[in-house]
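J.: Here is a sequence together with a model predicted from it:
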Amino acid sequence: MALPSTIYRAQIQLADIDRGVYETLQATVARHPSETEDRLVARLLAFALFFESGLAFTKGISAVEEPDLWVKGPDDRTLLWVEVGIPDADRIIKAGRHTVKIVLIACGRSFPAWEQQQLPKLGCVSNLTIVSFDQPFISRLVATLGRSIQWEVTITDGNLYINVGNETFETVLQIRAGTR
């Protein structure tokens, strides 16, 4: 018998000063049994960093042909494709041909090796933005994770601040390619 997904409910107060986006975001997110909490946190960060009307979580790692988040147009064309993790460069190149904008939140414990091997191959994808985070930043957020998540997210001058209860976590957004 397969293990069930773990359900998380997130409320994010978003103040993205850099883009002029101020929203209260609500999301119910399922964490597949094979997904790490680090990756779940990265998906929530992607949701906040690239929020726009219509942004939705997909079936995630159980749907190989879908990204982690996307925005679909009225004609069912993918307008924004958001991938989390360290995928093979060929997957990103293919997705870049079929969407208006593609975003990669590059994270994972083997990110340094991925960066050396895969990042040089992605120079040909003109509609690609790559953002990465320090692993310790994600690990500190994971330590606060509960089934009910309440974050206050502020993005200003390329810096990310997250308030969780009485704690504030901060990091610099590391833009590896493109622009946010």
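T.: Alright, I've got the coordinates. Numbers count the residues shown, from 1 in each chain.
J.: from here on, contacts and neighbour counts on C-alpha atoms
T.: Fine.
J.: Give me the below-cutoff pLDDT ranges for this protein.
T.: 1-2, 60-63 (pLDDT under 70).
J.: center of it, which residue is that?
T.: Nearest to the mean C-alpha position of the chain, by CA atoms, centre = their mean, lies residue 46 at 2.5 Å.
J.: Show me the beta-bridge partners of the closest residue in space to residue 172 that isn't next to it in sequence.
T.: The shortest distance from residue 172 to any non-neighbouring residue, by CA to CA, 6 or more residues apart in numbering, is to residue 159 (4.5 Å). Note on residue 159: beta-bridge partners by DSSP bridges are residue 156, residue 172.
J.: who does the longest helix along the chain touch, helix- and strand-wise?
T.: Scanning the chain for the helix with the most residues, using DSSP state H, yields helix 37-49. Helix 37-49 sits against strand 6-16, strand 78-85, helix 135-142, with contacts defined as 3 or more CA pairs under 8 Å, 6 or more residues apart in numbering; DSSP states H and E.
J.: right, so of the ones you listed, which gets closest to residue 148?
T.: Counting by CA to CA, residue 148 lies closest to strand 6-16 out of the helices and strands packed on helix 37-49; the figure is 5.0 Å.
J.: From the contact counts, what lies against that closest one?
T.: In this structure, strand 6-16 packs against strand 21-31, helix 37-49, strand 148-156, with contacts taken as 3+ CA pairs under 8 Å, 6+ apart.
J.: Can I get that strand as PDB, trimmed to CA atoms?
T.: Taking Å, rounded to 0.1, in the frame of the first residue of the first chain, the C-alpha atoms of strand 6-16 are listed here in PDB:
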ATOM      1  CA  THR A   6       1.100  15.000   3.600                       C
ATOM      2  CA  ILE A   7      -1.100  18.100   3.300                       C
ATOM      3  CA  TYR A   8       0.100  21.500   4.300                       C
ATOM      4  CA  ARG A   9      -2.000  24.700   4.400                       C
ATOM      5  CA  ALA A  10      -0.100  27.900   3.800                       C
ATOM      6  CA  GLN A  11      -1.000  31.500   4.200                       C
ATOM      7  CA  ILE A  12       1.600  34.000   2.900                       C
ATOM      8  CA  GLN A  13       1.400  37.700   3.400                       C
ATOM      9  CA  LEU A  14       3.400  38.900   0.300                       C
ATOM     10  CA  ALA A  15       5.000  42.300   0.000                       C
ATOM     11  CA  ASP A  16       7.100  42.100  -3.100                       C
END
